[in-house]
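In: Need a 3D model of the following:
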Amino acid sequence: MKKLIKQITLFAPFFLLVLALHSILIDFEVIFPDPISITEISEEKTQQTVTPKIEFRKGIWSRIDYLSYLLSELGKEDLPVDSTPEETMDAIKRILIGQRILLAVILFYMVLCFSVFVSRMYKAWFYPHLSYILYPISIFWLMTKIFLHISLIVQGHYLSILGLLFFVASYVACILALHSLGKDASETKTFETLRYSSNLEEEGRAPQSQGNGSVFSFILHFIVIIFVGLLIGNLVYIPLFLLQKHYVTEFSIFILSLVLLLSGFYIYNYGKVGGEKTLSGFQNILVSASYLQFRFLRNGFIGLFATLLIVLFIVVLFVLLIFNIDLIQSNMGLFGKGTEF
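Out: Numbering: from 1, shown residues only. This next block holds a predicted model:
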């Protein structure tokens, strides 16, 4: 029984991978009926009319393809200028951007499923951290799918029983995977060297300080920083701004290529620094890619938390200033007397 549970928890990310593919290809829409003239019909028909219905719709991929085709048709040059609905095109563009962002999030979720499976397979030390991110989100997502399929079965779509069984099985697999975390603490963890890669401490020691430096070196560094900033701004930032303004597609391909190259560079370095001798080069690359996603998620959460703290600090400071001004105006009347002159 324990071996069966272990196999289920190992392959639980593949169930979630199918869940993500299902959302890309198939979607659902809750239709609320129009309650006009409900009082003129019988009570039974009223209950049937008011009950919302769930219908199958094409997934995110098909919606993006359809919206792109619609924009291309509306933007043709042979159409009269007066017949081009600018507001409609702007609305479609906003919807298309939202759908593309949603598709990117789902693709990132699929990569996360792969990372959890790889890190669990090779017993990497960061596997629990990735699992605590993946499985709670998946449990909530699976609950929505389960309720949707129950509603479809009630409406008479009996083929949805198969989908319901799959999503319930995936839900149970996620619960078992979460429950098993921390119970294998006695197992030997791999890729421990990568714990120190963020601080450049691959050998267990931090870089040493080189002294305070003189005032002249400080001024020289300040001038060099300003010069380099101006150089980067004129030669990099301004051309990139013009590129993304006039060539959106080409700029997106360029940025994606740079991100892929940078990711490949980090994956190669992680494999060199923390690779296990007992694994092949390809296996080390797989775990290094999983570790890159772990670092991305960790740094993203740290950046989000720091941003929230900064926003909270600014809001509290602004509230204190407003409260101070109100207190001075109500008790001392300085602002009121100043306006008399």
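
In: and the helix or strand hosting Leu262, which residues are buried?
Out: Using DSSP states H and E, Leu262 maps to helix 248-274. Going by neighbour count (16 or more other CB atoms under 10 Å), the buried part of helix 248-274 is 251, 266-267, 270-271, 274. C-beta here means a position set from N, CA and C on the backbone, and glycine is covered the same way.

In: For those residues, work out which two are farthest apart.
Out: Farthest-apart pair in the buried residues of helix 248-274 is Phe251 and Gly274; separation 34.3 Å (CB to CB).

In: where does the stretch 101-250 of the chain have low pLDDT?
Out: Confidence mapping of the stretch 101-250 of the chain against pLDDT under 70 gives the ranges 184-188, 196-213.

In: again, only this time at 50
Out: 200-207 (pLDDT under 50).

In: all helices for it, in order.
Out: Listed in chain order, the helices found in the stretch 101-250 of the chain under DSSP state H, counting those that start in this stretch are 127-154, 160-180, 215-232, 238-246, 248-274.

In: ok, the closest residue to His129 other than its chain neighbours to Tyr132 distance?
Out: The spatially closest residue to His129, leaving aside those adjacent along the chain, is Phe294, at 6.2 Å (CB to CB, 6 or more residues apart in numbering). Noted for Phe294: a distance of 11 Å to Tyr132, by CB to CB, to the nearest Å.

In: Then Ala173?
Out: 16 Å.

In: now Phe216
Out: Going from Phe216 to Tyr132 by CB to CB gives 51 Å.

In: spatially speaking, which residue is in the middle of the chain?
Out: Centroid check for the chain by CA atoms, centre = their mean gives Val105 as the closest residue, at 4.7 Å.

In: separation between that one and Ala20?
Out: 10 Å.

In: One more: Lys123?
Out: Counting by CB to CB, the gap from Lys123 to Ala20 is 25 Å.

In: Can you report how many residues lie near Tyr109?
Out: 18 (other CB atoms under 10 Å).

In: Ok, the one 3 residues further on next?
Out: Residues lying near Leu112 (other CB under 10 Å) number 25.

In: Surely it and Phe294 touch.
Out: No. With contacts counted by CB atoms under 8 Å, Leu112 stays clear of Phe294, the gap being 9.4 Å.

In: Quick check: neighbours shared by these two?
Out: Leu130 (CB atoms under 8 Å, 6 or more residues apart in numbering).

In: Phe294 and Tyr132: which is more packed in?
Out: Phe294 (22 against 12).

In: Now do that one against Leu304, distance only.
Out: 16 Å.

In: rewinding a little: which of Lys123 and Ala20 has more residues huddled nearby?
Out: Neighbour count, other CB under 10 Å: between Lys123 and Ala20, Ala20 has more, with 20 against 15.

In: Show residues contacting the host helix or strand of the more buried one.
Out: Ala20 is located in helix 12-25, with elements delineated by DSSP H and E. Here helix 12-25 makes contact (CB under 8 Å, 6+ apart) with 58-62, 103, 106, 109-110, 113-114, 116-117, 120, 134-135, 138, 141-142, 145, 163, 166-167, 169-170, 173-174, 176-177.

In: With stretch 239-249 instead?
Out: Residues contacting stretch 239-249 (CB under 8 Å, 6+ apart): 250-251, 254.

In: Many thanks, we can stop here.
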